Each structure stands twice: as C-alpha cells, then as structure tokens.
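>>> what's the 3D shape of this:
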Amino acid sequence: VEEVVVTGSFIAGTPEDAALPVDVIGSKELANRGAPTMVQLIKTIPSSGAVIGENNRFGSGSGAATINLRNLNSAVTGSRTLVLFNGRRLPTSPQAISSVDINLLPTAAIGRVEVLKDGAAATYGSDAIGGVVNFITRTDLDGFELNANYQGISGSPGDYEGSIAYGY
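Purely as a prediction, here's the structure:
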C-alpha cells in the first residue's frame, strides 16, 4: 500500500498535529481573559451560535448552559455538538433539553479547552455534526488554590463565584 488516508482517528496526539484544525484555549489565555465562566468562554468562540445560558432565551429557564457550534441548535432534541471531559463523553442533562449542561463542569479544574469547529461525525458519531468541545482538567496544581470573582451589575446584587482547588 503506497498511500493510507485516515478520515477519522482516535489516535492520541497533540491538537496541533491533528488533521482538522483544533483551537486550544490554554490556562494562560483563560487567566488573561479574567477566568471566565464556561458560558462566557463558549460565547467568545467565533463558531459558536446562540446558547442556552445566562438569559435562557430558549425557554429552558433552568439555569443550564449549552454549547452550539456552527449554529446547528443545541436546544432541540439531541445535541449537534459533542461535549467531552478529558476525552470522554458527558451525559446529557434533562435541564439542558437533551444537551450537556456545561455549568456542571468544575471551572477551577479546567486547564484547557480544545475546540474542533469542523464536523467530526466520522470519528465520534452524529452528535458531533457541529463539532467537538473537549474540556481538559489541570495537571499543574500542587497544593491549594482559592479563587473568588464578583461582577457588579447596576441595579442588582451582582454575580458571585468562588472555587477551591487542590492537587498534587
């Protein structure tokens, strides 16, 4: 055989060596962005469409947050964007209308986010038509880390967030 063509692969490697372009948002970039919530981060991805999140405009009203790559509508029966946690599928949440609720991910534990904006149905199946988002946990933590965030909003008590992380 002179030529081998791979259309989809689970062979481990770095995202930079992948056949399809994978955007990697690392811990330094997350820190430079002010440690955004997962919803704020997803909303900054250029290929991300409208998401259930802060204003729940799709009628969920449950506080769930979803990912909607390529505007293929994550809020309708079945998700078009595959969400992974350390390379493994996450279950759908009944609160997120048959999609993954990214509010359940521990923000303090996320070290990087890999986004495959192209369809990956050949590799992952039909739930990856819009693309794949893989949340990777941190491996650089040695000890305790405490974080607190406050966002002031005029006319409201604001948004508070706190986290504690421990690693060795």
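
>>> Nearest the middle, which residue of the chain would you pick?
Nearest to the geometric centre of the chain sits Val133, at 5.0 Å (C-alpha atoms, centre = their mean).

>>> what helix or strand is it on?
With elements taken from DSSP states H and E, the one containing Val133 is strand 131-137.

>>> ok, now which ones touch the residue nearest to the centre of the chain?
Shown in contact with Val133 (C-beta atoms under 8 Å, 6 or more residues apart in numbering): Ile42, Ile67, Leu69, Thr81, Leu82, Val83, Leu84, Val113, Glu114, Val115, Leu116. The way it works is simple: take the backbone N, C-alpha and C, and place the C-beta from them, glycine included.

>>> you'd agree the fourth one is up against Asn134?
No. Using C-beta atoms under 8 Å, Thr81 and Asn134 do not qualify as a contacting pair, with a distance of 11.2 Å.

>>> any common contacting residues for those two?
Residues touching both Thr81 and Asn134 by C-beta under 8 Å, 6+ apart: none at all.

>>> More neighbours: which of those two?
The neighbour comparison of Thr81 against Asn134 (other C-beta atoms under 10 Å) goes to Thr81, with 31 against 19.

>>> Ala108 versus that one, what's the distance?
Computed as C-beta to C-beta, to the nearest Å, the Thr81 to Ala108 distance reads 23 Å.

>>> Determine how far the last residue of stretch 135-144 lies from the first.
End-to-end distance of stretch 135-144: 21 Å, with C-alpha to C-alpha, to the nearest Å as the criterion.

>>> same thing with stretch 83-102?
9 Å.

>>> repeat for stretch 109-128
Between the opening and closing residues of stretch 109-128 there is a gap of 24 Å (C-alpha to C-alpha).

>>> Please consider this matter closed, and thank you.
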